[in-house]
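Engineer: Predicted model and sequence follow; I will ask about them next.
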Amino acid sequence: MRKRLKNLQTRRMKKSKTFELKPFGKLSRGYLHHSTYFINIQHGAIRSSKTISSIVRWLKFIKTHHYDNFLMTGNTQTSLYRNVLKPMMAILDGLGISYDFRENKYIEIEGNICWLMGFNHEGMAGRIPGVTLGGWYADEVNTYPKTLVDLALDRLSEENSQAFWTLNPDNPYHYIYSEYIENEEKKSNEMVKVWNYTIWDNPNLSEQYIERTIARYPKGTLNYKRKILGLAAVAEGVIYSKFTEGLNTFDHTCPEYEDIKYDKYVLSTDYGPASVSVVGLFGIIKKLDGNEYHLLAEFYYDVNDPKNNGVQLSDKELVDGAIKLLTYHGKILKLAKWYTPHDAASLRAEIKKHKYRGKPIPQKPYTPDVLNDIQEIHTLFANSRFKISKECVNSIAQAQTYAWDEKARNQGEEKPLKTKNNDHCPDMWRAAILGTRSIVDNPFTESEDTYESYQME
Ligand SMILES: Nc1ncnc2c1ncn2[C@@H]1O[C@H](COP(=O)(O)OP(=O)(O)OP(=O)(O)O)[C@@H](O)[C@H]1O
Ligand SMILES: [Mg+2]
């Protein structure tokens, strides 16, 4: 497809405030002149001019590229609009360049179409324009599933097609670091070029703003490393440092996950009648080289959540909530086992009173082996064998905040920190993962059930 005639009828939406471009800092100037690689990545500190310089580069790129179809993506359409399109239109207005912006569809600038997409879940794969793309602008690229990044790169088949990515610092184990930013092979064969910003790289920020920001994020903190120095970092003491959103989470509506046939479903519990109780529904895929565990849904009750007015959950309500999980997006699941904490006798007594699909509920107590369990789960995260559905917001949050008790550590004891709300979900996961394994390893562990009922069905 050749470029369309430039005298197309163009239409502006509401005129945005114009943006007065001022001189960039040295790093951005280098980027503007030398971002000629296949993938050009700007990452680093907050407010460091990654976006403005990427927009200027992008406008020049689409204007001079021989092709007329391009892709612009953000985490969502809204964040793409807020972070990129709004300042881009203000810059265009300032330059007196007309454009035609069709919300959530495309923006056409001098005959060049930029398709607009939110890229935060794999379900968008089928919607990537079925055309060759001359270029791809990706905002917050670290928030996209890996499959979408690969698919969009596949589309850049035009000669001299290029990608321009921006991101703020993330967990160093994120695939964007291992596969691109830190990938020496790709960098040395000129596939990838990286520009890393600190807050001081933007001369258009006032001294006052920089000082105020540093005061908010003091030296030595995770935020200082990420927001001021612009470096990838994990919070010191975080237990599941390898947990990465995107790699260890999934969207159940994606065909890839919707159609999974699980070998076994189990429930797992952390029980705290006076604080937080949580039950998780796990789907387990049996594999010879190691099972995969997917946390599909969670039932989470926090007595201290203001909406619960300090009311405790009864054991019966907990059992009812757990049984509801077993109707999963319209499918009624077969329950292989419900794991309960070893010290939750009253809950077990309540479970015994209930039936599921006309039969007694198969249940089993689990006694944790804290350090060993953590080590096993850590490895599963690292190998992407434990994934959490995006619907399980509490588990996703706690995967990132479950931390070592540093005080105890300094006294030579290794144990997780007990804070109000960071360990309930990690405690809940353990039995579903380790419990199902020990069954296979050791059929004669104490139990009120028969060995046969533990086998993978
Ligand atoms: N060339 C420029 N001319 C005028 N102002 C600029 C320029 N570059 C950056 N700025 C100013 O600095 C601010 C931050 O720039 P930008 O939004 O590009 O940073 P960023 O690195 O993308 O920040 P974040 O990580 O928060 O998204 C802009 O809102 C703008 O006010
Ligand atoms: Mg930005």
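Structural biologist: Perfect, I can see it now. Ligands and ions are numbered 1, 2, ... in the order given.
Engineer: gap between residue 179 and residue 334?
Structural biologist: As judged by CB to CB, to the nearest Å, residue 179 and residue 334 stand 38 Å apart. In short, each C-beta sits where N, CA and C put it, glycine included.
Engineer: repeat for residue 218
Structural biologist: 53 Å.
Engineer: Next, residue 313: secondary structure please.
Structural biologist: coil (DSSP: H, G, I helix; E, B strand; the rest coil).
Engineer: out of residue 179 and residue 334, which sits in the more crowded spot?
Structural biologist: The neighbour count for residue 179 versus residue 334, taken as other CB atoms under 10 Å, is higher for residue 179 (14 against 11).
Engineer: got the residues of this structure near ligand 1?
Structural biologist: When proximity is defined as CB under 6 Å from any ligand atom, the chain approaches ligand 1 at 21-22, 24, 46-52, 168, 202, 204-205.
Engineer: Compute the number of surrounding residues for residue 189.
Structural biologist: Number of residues near residue 189 (other CB under 10 Å) recorded here: 9.
Engineer: C-alpha coordinates for the helix ranked longest in the chain, PDB please?
Structural biologist: Assignment by DSSP state H gives helix 50-64 as the longest helix of the chain. Taking C-alpha atoms only, helix 50-64 is exported to PDB below (Å, rounded to 0.1, in the frame of the first residue of the first chain):
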ATOM      1  CA  LYS A  50      10.900   9.300  27.600                       C
ATOM      2  CA  THR A  51       7.400   9.900  26.200                       C
ATOM      3  CA  ILE A  52       7.900  13.400  24.700                       C
ATOM      4  CA  SER A  53      11.100  12.400  23.000                       C
ATOM      5  CA  SER A  54       9.500   9.100  21.800                       C
ATOM      6  CA  ILE A  55       6.500  11.100  20.400                       C
ATOM      7  CA  VAL A  56       8.800  13.500  18.500                       C
ATOM      8  CA  ARG A  57      10.800  10.500  17.100                       C
ATOM      9  CA  TRP A  58       7.600   8.700  16.200                       C
ATOM     10  CA  LEU A  59       6.100  11.600  14.300                       C
ATOM     11  CA  LYS A  60       9.300  12.000  12.300                       C
ATOM     12  CA  PHE A  61       9.400   8.200  11.700                       C
ATOM     13  CA  ILE A  62       5.900   7.900  10.300                       C
ATOM     14  CA  LYS A  63       6.300  11.000   8.200                       C
ATOM     15  CA  THR A  64       9.400   9.700   6.500                       C
END
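Engineer: In that helix, which residues are buried?
Structural biologist: Using 16 or more other CB atoms under 10 Å as the test for burial, helix 50-64 gives 50-59, 61-62.
Engineer: Counting by contacts, list what it packs against.
Structural biologist: helix 26-34, strand 39-44, helix 86-95, strand 106-109, strand 112-118, strand 135-138, strand 162-167 (3 or more CB pairs under 8 Å, 6 or more residues apart in numbering; DSSP states H and E).
Engineer: With distance to residue 222 as added columns, please give those in TSV.
Structural biologist: Output for these, formatted as TSV (distance: least, CB to CB, whole Å):
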stretch	distance to residue 222
helix 26-34	23
strand 39-44	15
helix 86-95	28
strand 106-109	36
strand 112-118	27
strand 135-138	25
strand 162-167	16
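Engineer: Can you tell me which of the ones you listed is nearest to residue 214?
Structural biologist: strand 39-44 (15.2 Å; CB to CB).
Engineer: so how far is the closest one from its chain's centroid?
Structural biologist: 19 Å (CA atoms, centre = their mean, to the nearest Å).
Engineer: Please name every helix or strand in contact with that strand.
Structural biologist: By 3+ CB pairs under 8 Å, 6+ apart, strand 39-44 packs against helix 50-64, strand 162-167, strand 192-197.
Engineer: Outside of that strand itself, list whatever touches it.
Structural biologist: Identification of contacts with strand 39-44 by CB atoms under 8 Å, 6 or more residues apart in numbering yields 31, 50, 53-54, 57, 141, 153, 162-169, 180-181, 186, 191-198, 201, 230-231.
Engineer: Near residue 185, how many residues? Count them for me, please.
Structural biologist: By other CB under 10 Å, 8 other residues sit near residue 185.
Engineer: Ligand 1 versus that one, what's the distance?
Structural biologist: Computed as CB to the nearest ligand atom, to the nearest Å, the residue 185 to ligand 1 distance reads 27 Å.
Engineer: Just the pLDDT for that residue.
Structural biologist: Predicted confidence (pLDDT) for residue 185: 95.
Engineer: Over to the one 10 residues further on?
Structural biologist: Note for residue 195: predicted pLDDT of 98.
Engineer: Next: residue 439.
Structural biologist: On pLDDT, residue 439 comes in at 42.
Engineer: let's have the chain start at 212 instead
Structural biologist: All set: I'll call the first residue 212, so the last point we hit is now residue 650.
Engineer: still on that earlier bit, the buried residues of helix 261-275 into TSV, with extra columns for distance to residue 585?
Structural biologist: TSV is the format used below for the buried residues of helix 261-275 (distance: CB to CB, whole Å):
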residue	distance to residue 585
261	36
262	39
263	43
264	42
265	40
266	44
267	47
268	44
269	44
270	49
272	47
273	49
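Engineer: For the chain, give me the ranges with low pLDDT.
Structural biologist: Residue ranges of the chain with pLDDT under 70: 212-227, 631, 648-668.
Engineer: what residue lies at the spatial centre of it?
Structural biologist: Nearest residue to the geometric centre of the chain (CA atoms, centre = their mean): residue 456, 2.6 Å.
Engineer: correct me, but it touches residue 606?
Structural biologist: No - using CB atoms under 8 Å, residue 456 makes no contact with residue 606, being 11.6 Å away.
Engineer: Just send the helices and strands packed on helix 261-275 back as TSV, with distance to residue 424 and mean neighbour count too.
Structural biologist: Below are those laid out as TSV (distance: least, CB to CB, whole Å; neighbours: other CB atoms under 10 Å):
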stretch	distance to residue 424	mean neighbour count
helix 237-245	18	15
strand 250-255	14	25
helix 297-306	20	18
strand 317-320	31	21
strand 323-329	28	21
strand 346-349	25	26
strand 373-378	19	23
